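>>> The sequence and its predicted three-dimensional model are supplied below.
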Amino acid sequence: MKRQMTWVAAAVLLAAWASTAGATGWGIGGFGGISIPIVQDDAEQGTIYGAQLRLSVGGLLGIEPNVMYFRNGDWELDAVPGEVYDGSKFYAIGVNVILGSAGPPTGFRMFGLAGGKYYNEDNDYRDFSSSKLGWNAGVGLEIGLGTVGVEARAEGNIMPLDGGGSRKWVHLRAGLNYYFGIR
Amino acid sequence: MRMTTIRRPLTALVAVAALLVAGCILSGQFVIVIPFADDIEATDSNVGSLEINLANVSKTWEEHADDIQNIVDLKFECKVTNNHGDSTAAGEVWISPTSVGSNPDADDVRSHEGAVLFLSGFELAPGADISITFKKSADYITNLESVLDIIEGGVFHVYGIANNREFNITISGIGDRLHGRIMVTFSAG
């Protein structure tokens, strides 16, 4: 029974995906959420804001240029009670390839994404600034309400560091997309 | 035939990407705080020092000693006291990858090959002291990149001197800390 339900759920998802695969048009969107650092002693959970274009290029493919600001939360150490240190602030500009169509949705659809970003890090505590090319990948869900789509997604981000190593985050975010040129 | 032609480079690309991503994913950014074993007492004719071996005092450093990728930052926390009754002291903290030798004077420290001036810019009136927190130490740090290269070796020597003909200073802990401390941020994976 459980197996059958899994197959039914998969079929429904596939149908929803396929029904919107041919949609074309373009949209703009804004989003916000939380940024969760992975294996970073000098960072706590922070916030993320940004904007994106969603361009359907036909079939299941879409292109998503995007800009975002996010920051690591201020951090402290048990060994140094009473001192709180600034988390880094980041600006990023990038492009994602969307698999699952980036056109206007009807109903709901899931999509996958992968792309690159140019990250700029600023840290007041360390008096430090650096820019690096990194990459990201994730999955999302968008629910269509006419020309408006409500989306939620989880995205992994990796920014390599000078001299080796990297900063990594999981971004959990929600947003609204408004679509034009629907056909 | 065409699929095979495409698939091979694609497989190689995916394999290379996977290795790169795996290398990055397994790495992390670590922060350790190392307390000094003692205070540093220094006069113009006899400069005291401390040897620090990070592997001996930090389990985190020891665990990652073989895969340290980059020393990202160094901060200092200490109280510097001018014990001299007559003259103002312009305090300095130097870091060297090797020992300057036994009973060095201030000139020996300054001229020692590899020794780097790390903290400077604080003047102390006779009998006065200054407490430098990790946060505040950023105001006095110089030559950070050179010092980070020294720290990467894992073993280094800390010297406290003053830029005066005669001086007598002590580098100790602030508040209820017994001695001075350093904070090292590094990436490893």
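Done, it's in.

>>> Now do the lengthiest strand in chain B, average pLDDT.
In chain B, assigned by DSSP state E, the strand with the most residues is strand B:68-82. Mean pLDDT, computed over strand B:68-82, is 93.

>>> so where is chain B shaky, pLDDT-wise?
For chain B, the stretches with pLDDT under 70 are B:1-26.

>>> For it, which segments are assigned as strands?
B:28-35, B:40-43, B:46-47, B:49-53, B:68-82, B:89-96, B:116-124, B:129-132, B:155-162, B:168-172, B:181-188.

>>> Compile these into CSV and extend it with columns for mean neighbour count and distance to residue A:46.
Just so you know, the C-beta spots here come from the backbone N, C-alpha and C atoms, and that holds for glycine as well. Shown next, in CSV, are these (neighbours: other CB atoms under 10 Å in any protein chain shown; distance: least, CB to CB, whole Å):
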stretch, mean neighbour count, distance to residue A:46
strand B:28-35, 20, 14
strand B:40-43, 21, 38
strand B:46-47, 18, 44
strand B:49-53, 17, 33
strand B:68-82, 22, 18
strand B:89-96, 23, 33
strand B:116-124, 19, 31
strand B:129-132, 18, 28
strand B:155-162, 24, 33
strand B:168-172, 22, 36
strand B:181-188, 22, 18
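
>>> Out of the ones you listed, which is closest to residue A:170?
Checking those against residue A:170 by CB to CB gives strand B:28-35 as the closest, at 14.2 Å.

>>> Same list (the strands of chain B) but as a markdown table, adding distance to residue A:66.
Formatted as a markdown table, the strands of chain B follow (distance: least, CB to CB, whole Å):
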| stretch | distance to residue A:66 |
| --- | --- |
| strand B:28-35 | 25 |
| strand B:40-43 | 52 |
| strand B:46-47 | 56 |
| strand B:49-53 | 45 |
| strand B:68-82 | 28 |
| strand B:89-96 | 43 |
| strand B:116-124 | 41 |
| strand B:129-132 | 42 |
| strand B:155-162 | 44 |
| strand B:168-172 | 50 |
| strand B:181-188 | 27 |
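
>>> Figure out which of those strands is closest to residue A:131.
Among the strands of chain B, the nearest to residue A:131 by CB to CB is strand B:68-82 (16.0 Å).

>>> quick one on the thing from earlier: report the angle between the longest strand of chain B and strand B:28-35.
30 degrees (axes from the mean of the first three to the mean of the last three CA atoms, to 10 degrees).

>>> The one residue sitting closest to the centre of chain B: what's it in contact with?
Computing the C-alpha centroid of chain B and ranking residues by CA atoms, centre = their mean puts residue B:74 first, at 5.0 Å. By CB atoms under 8 Å, 6 or more residues apart in numbering or on different chains, residue B:74 lies in contact with B:118, B:141, B:144, B:147-148, B:151, B:182-185.

>>> filter those down to the ones close to chain A.
B:183, B:185 (CB under 8 Å from any CB of the partner chain).

>>> List the beta-bridge partners for the one residue sitting closest to the centre of chain A.
When CA atoms, centre = their mean is applied to chain A, the residue found nearest the centroid is residue A:155 (4.6 Å). Beta-bridge pairing of residue A:155 under DSSP bridges involves residue A:138, residue A:171.

>>> Assess the claim that it and residue A:175 are in contact.
No. Using CB atoms under 8 Å, residue A:155 is not in contact with residue A:175, being 11.7 Å away.

>>> Flag every residue of chain A that's near chain B.
Within chain A, the positions adjacent to chain B are A:38-43, A:77, A:79-80, A:83, A:85, A:125-128, A:158, A:160-168 by CB under 8 Å from any CB.

>>> hmm, which of those residues are the buried ones?
Neighbour-count burial (16 or more other CB atoms under 10 Å in any protein chain shown) applied to those gives A:38-40, A:42-43, A:77, A:80, A:85, A:125-126, A:158, A:160-161, A:164-168.

>>> ok now do residue A:64, which residues does it touch?
Contact partners of residue A:64, counting by CB under 8 Å, 6+ apart, are A:52-55, A:95-98, A:102, A:113, A:115.

>>> Out of those residues, grab the one that's most surrounded.
residue A:102 (31 neighbours; other CB atoms under 10 Å in any protein chain shown).

>>> just checking, that one touches residue A:59?
No. Look at residue A:102 against residue A:59 with CB under 8 Å: they stay out of range, at 10.8 Å.

>>> Contact partners for the residue lying closest to residue B:83 once chain neighbours are set aside?
Excluding the flanking residues, the one nearest residue B:83 by CB to CB, 6 or more residues apart in numbering or on different chains is residue B:168, at 4.2 Å. Shown in contact with residue B:168 (CB under 8 Å, 6+ apart): B:42-44, B:82-84, B:89.

>>> Output those residues in TSV, with distance to residue B:66 appended to each entry.
Shown next, in TSV, are the contacts of residue B:168 (distance: CB to CB, whole Å):
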residue	distance to residue B:66
B:42	35
B:43	40
B:44	42
B:82	42
B:83	43
B:84	45
B:89	42
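
>>> Tell me the one of the residues you listed nearest residue A:180?
residue B:89 (69.7 Å).
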